[in-house]
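Undergrad: Curious how this folds, go ahead:
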Amino acid sequence: MIGRIHGTLVHVNPPDILVDAHGVGYEISVPMSTLYDLPPAGQPVTLVTHLVVREDAQLLYGFLTEGERTAFRALIKVSGIGPRMALAVLSGLSVDDLSRAVAEQETGRLTRVPGVGKKTAERLLLELKGKLAPVAEAAQGGGGVLFSSSGDILRALVALGYSEKESAAAVSRLPEDISVKDGIRQALKGLGKN
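TA: Modelled structure (predicted):
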């Protein structure tokens with residue numbers, strides 16, 4: 001598995017780019033959100049990647065943030081959603097917008113993405129429910145760290161049956177440097193008072 005590429009950006013032909021890493025040119029498909037934030041050609045670039053191996057091809061998908069890659073991986077696990085459709089969704093919506101649409105079960109945001117009809121949007125909302133809140137939390141926290149203590153606390157609250165919205169609100173009231181164990185305890189006390 002190729003998990004990360006660091007090299008020189010050689011060529012951009014949306015949605016594909018070519019990155020030279022120590023003399024090997026990697027063709028990588030990226031969402032528009034990544035494409036807009038790439039440096040100019042000839043500059044160094046680092047991408048986290050996901051490799052898809054098919055019978056007839058090996059396809060590499062790249063992302064500037066760990067949150068985008070995690071959302072991509074969640075999207076391609078949805079039945080009927082392939083890597084190209086997942087790229088289209090991430091090109092049309094930020095990870096935060098996608099997570100919010102799933103949390104609020106809002107098909108309207110998803111159907112604005114080209115190629116996503118009402119039935120596909122409903123399937124996405126159903127199968128992604130509870131899987132994207134930690135990704136959005138990490139994206140907001142910056143630094144690209146997906147498994148921060150706040151993300152772990154949020155996942156634990158959702159697993160305990162609280163909605164993503166209530167869980168996110170409870171986590172936002174916690175101190176940033178709190179441990180997972182203490183954070184869960186304090187969040188549950190706060191949720192119990194409401």
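Undergrad: Now the host helix or strand of residue 99: buried residues?
TA: Taking DSSP states H and E as the criterion, residue 99 maps to helix 95-103. The neighbour-count check on helix 95-103 (16 or more other C-beta atoms under 10 Å) flags 95-96, 98-103 as buried. No exception for glycine: its C-beta is placed from N, CA and C like everyone else's.
Undergrad: mind giving me the domain split of this protein?
TA: Structural domains assigned to the chain are 4-63, 67-128, 148-193, following automatic domain parsing.
Undergrad: Residue 180 touches residue 152, doesn't it?
TA: Yes: here residue 180 reaches residue 152: they are 4.7 Å apart, a contact under C-beta atoms under 8 Å.
Undergrad: show me what contacts the closest residue to residue 97 other than its chain neighbours?
TA: Leaving aside its sequence neighbours, residue 97 sits nearest to residue 109 (C-beta to C-beta, 6 or more residues apart in numbering; 6.4 Å). Listed by C-beta atoms under 8 Å, 6 or more residues apart in numbering, the contact set of residue 109 reads 93, 97-98, 100-101.
Undergrad: next one: residue 75
TA: Here residue 75 is in contact with 81, 85-86, 89-90, 124, 128 (C-beta under 8 Å, 6+ apart).
Undergrad: Check which helices and strands the helix holding residue 99 is in contact with.
TA: helix 66-76, helix 107-111, helix 118-128, helix 133-141, helix 164-172 (3 or more C-beta pairs under 8 Å, 6 or more residues apart in numbering; DSSP states H and E).
Undergrad: hmm, try it at 10 Å
TA: Counting contacts by 3 or more C-beta pairs under 10 Å, 6 or more residues apart in numbering; DSSP states H and E, helix 95-103 packs against helix 66-76, helix 83-92, helix 107-111, helix 118-128, helix 133-141, helix 164-172.
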